[in-house]
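A.B. asks: test case, fold it:
(chains A and B)
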Amino acid sequence: MELSIEVDNLEKSYDKTRFRDRVAMLFGAKRTREKVVALDGVSFKVRKGEVFGVLGPNGAGKTTIVKILTTVLIPDSGEAKVLGYDVIKESLEVRKRIGVLPEDSRRGFGWRLTAFENLLFYAYAYLLPNPKERVKEVLKLVKLEEEHWDKWYQRLSQGMKQKLALARALLPNPSVVFLDEPTKGLDIMFVAKFREMVRNKFGDEDRTIFLSTHDLRLVEETCDRVAIINKGKIVAIKPVNELKNLVPSNIRNSYVLEVDPKSISRLNDLVPKLKELDVEWYQVGNHKLEFLVKDCSLEVANEVLKMAINNNVLVHSFHKKEIDIEEVIMRILRGEKNAS
Amino acid sequence: MQAKRLLGFLYIDFKEWLAYKYELFFWLLNTVVGAFTYAFLGTYVTLYEKELIVKYGSFLSFLIVGMAYNYIIYTSLMAPRMAINPWNLMWRLLIPARLYEIIIGSVLFRYLIGIFQFLTYFAVAMLFGAKFNIDPISTLTAIILGVAVMWGLGMISAGIQVITKRWDPVTWFFTMLSGLFSGVWFPYQLLPESLQYVSLILPQTYILEMLRGAMLRAEPLTLMMDQLIPLVLSALITVSIGYFIYMKSIEYAKERGTVGEY
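C.D. replies: Residues are numbered from 1 along each chain as shown, chains lettered A, B, ... in the order given. Here you go, the predicted structure:
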């Protein structure tokens, strides 16, 4: 298995000691160093050609990982390699082979340079052959309409600026693309196209995509695997379609019976009888009953429904609980992970 | 050093320079008006000490060399700082270029317009009758050594600024002192003797003395050992210390995660 990214036990903390305290310490004063742990023993591997997502709340350490892997931040300890090159010792080799869309993608653009001129500079900086042709290609690839190519950067809309930043990331035809919050500011129409582009790895099957985002739909529709990070630690790494298995089975496999609020007392009357059926777990809410039956048996679930109707409970709806990726991640982050 | 990459830097700086049309117009106007102002000033103010007249010829020739070179000295001092502008630094560090390419690339265009300004001043000064007697090797040596010393100081200054973000004592110290003490506007020998000691600790004084010797009296290097030796030593010391501090400060910013911060 060919690997694009190897991260082993990365640790990073930021020293938040105030300047005046640091100066005081130089002169022998006793002060405590304030440290914020950003990464705490993070390890993972990303295969060549894989779309790998990193999800987590703000401040979880996602951007820190991206910055380390793109060589602009030095970790305290641990090792990170991109395409076999060490991100600290061989940073130049890494930078030749990656494309980056950073969180603040406006940086590094001349505001009074046109979209085309801005990219042309990077084409020269990357020593690309036929720089003008490559710039045109990549602007077409990100669907920035030709009428905007000659507009000053500062006159482009937020979405166009983001497209241009994406074009900059793809300009050197990189083997690995790092996308940090790529859909921020993009219009709805383009987001759909963008998801398609990520799925197609921007036209190169062997390209690896490293995606750090809050956009759960993007992750769900594009990623092969996803790592969930919280407080600097990886909580889970799974293929997207297996993420739901991390949630306890009573949440993921339960049935929901929604009833009219007037019927809630009659619903409560049923509770003792549930145990006579194969109901393993249940929970009565304001106007609903959630329950889990052995082997998710639909027959048993239907027995519960029949029993409710026979007891004159007014049923609004009856369905198997749908759990979406957002809920899965929320529950994983809250620590409700399936022990199995 | 990749010429194509430097061309990229030149390209964006040139395009951005052209994009600010009013600023460009007034820059050109300032250059021409400035050249004429100093030419008039230099023509009608005269050096009255015989020793200085022998040394520098006319005040006009003296002034124009000082003025023109002052710009290049200032650009050199500022060069490493321009390369670490926080708006661009992260992106500059992301391109597959070595740090020295990034620094040189970031400042190349400013040198070109500095040379343009330099030549304009000389052309106008010659119109007003200034006489130059140039030794090319000495002139080039003076320019290279001057740029090297100032780059060294500039790297120290930029290194401090990567950490402090705003406060920059080195540029402040050297630019503040150079106008009064180093002999840009008038010969430092006109200062009271006690203040001339300040002039003698400033590298700009030696750079300007050497340059004037090379451009006004066509002195060969062998006659300029009093400037050459201190400048070579200064260049070695400031460039070594500056490079060390500059690299360490970038590393420090990369460790603290403050590369893109103001």
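A.B. asks: and stretch A:120-133 with chain B, contact?
C.D. replies: Yes. Applying C-beta under 8 Å from any C-beta of the partner chain, one finds stretch A:120-133 touching chain B at A:120-127. Any C-beta I mention is one placed from the backbone N, CA and C, and that applies to glycine too.
A.B. asks: from those, pick the one nearest residue B:31.
C.D. replies: If you rank the residues of stretch A:120-133 next to chain B by distance to residue B:31 using C-beta to C-beta, residue A:121 comes first, at 26.3 Å.
A.B. asks: for the closest one, give its distance to residue B:257.
C.D. replies: Taking C-beta to C-beta, to the nearest Å as the measure, residue A:121 falls 26 Å from residue B:257.
A.B. asks: which bits of chain B sit near chain A?
C.D. replies: Residues of chain B lying near chain A (C-beta under 8 Å from any C-beta): B:2, B:4-5, B:7-9, B:11-12, B:15-16, B:19-20, B:87-88, B:90-98, B:251, B:254-257, B:259-260.
A.B. asks: could you rerun that using 6 Å?
C.D. replies: Within chain B, the positions near chain A by C-beta under 6 Å from any C-beta of the partner chain are B:2, B:4-5, B:7-8, B:12, B:15-16, B:19, B:88, B:90-91, B:93-96, B:254-255, B:257, B:259.
A.B. asks: quick check: ChimeraX command selecting the buried ones in those.
C.D. replies: To isolate the buried subset of the residues of chain B next to chain A in ChimeraX, counting by 16 or more other C-beta atoms under 10 Å in any protein chain shown, use the following:
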select /B:5,8,12,15,16,19,88,90,91,93,94,95,96,254,255,257,259
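A.B. asks: can you flag which of the residues of chain B next to chain A belong to helices?
C.D. replies: B:4-5, B:7-8, B:12, B:15-16, B:19, B:88, B:90-91, B:93-94, B:254-255 (DSSP state H).
A.B. asks: just the closest of the residues you listed to residue A:11, please.
C.D. replies: residue B:255 (12.4 Å).
A.B. asks: once you drop chain neighbours, what's closest to that closest one?
C.D. replies: residue A:74 (4.7 Å; C-beta to C-beta, 6 or more residues apart in numbering or on different chains).
A.B. asks: which SS state does that neighbour fall under?
C.D. replies: Secondary structure state of residue A:74, per DSSP: H, G, I helix; E, B strand; the rest coil, is coil.
A.B. asks: quick one: the strands in the stretch 151-262 of chain B, in order.
C.D. replies: Along the stretch 151-262 of chain B, no segments are classed as strands by DSSP state E, counting those that start in this stretch.
A.B. asks: for residue A:15, give me its contacts.
C.D. replies: By C-beta atoms under 6 Å, 6 or more residues apart in numbering or on different chains, the residues touching residue A:15 are residue A:35.
A.B. asks: beta partners of it?
C.D. replies: Beta-bridge pairing for residue A:15 (DSSP bridges): residue A:35.
A.B. asks: closest one to chain B out of the residues of stretch A:120-133 next to chain B, please.
C.D. replies: Set against chain B, the nearest of these by C-beta to the nearest C-beta is residue A:124 (2.6 Å).
A.B. asks: next, count neighbours for that closest one.
C.D. replies: Neighbour count of residue A:124, defined by other C-beta atoms under 10 Å in any protein chain shown: 23.
A.B. asks: next one: it from residue A:332, what distance?
C.D. replies: Computed as C-beta to C-beta, the residue A:124 to residue A:332 distance reads 45 Å.
A.B. asks: which residues touch the residue nearest to residue A:131 when sequence neighbours are not counted?
C.D. replies: Ranked by C-beta to C-beta, 6+ apart and with sequence neighbours excluded, the top spatial neighbour of residue A:131 is residue A:123, at 3.4 Å. Neighbouring residues of residue A:123 by C-beta under 6 Å, 6+ apart: A:131, A:134-135.
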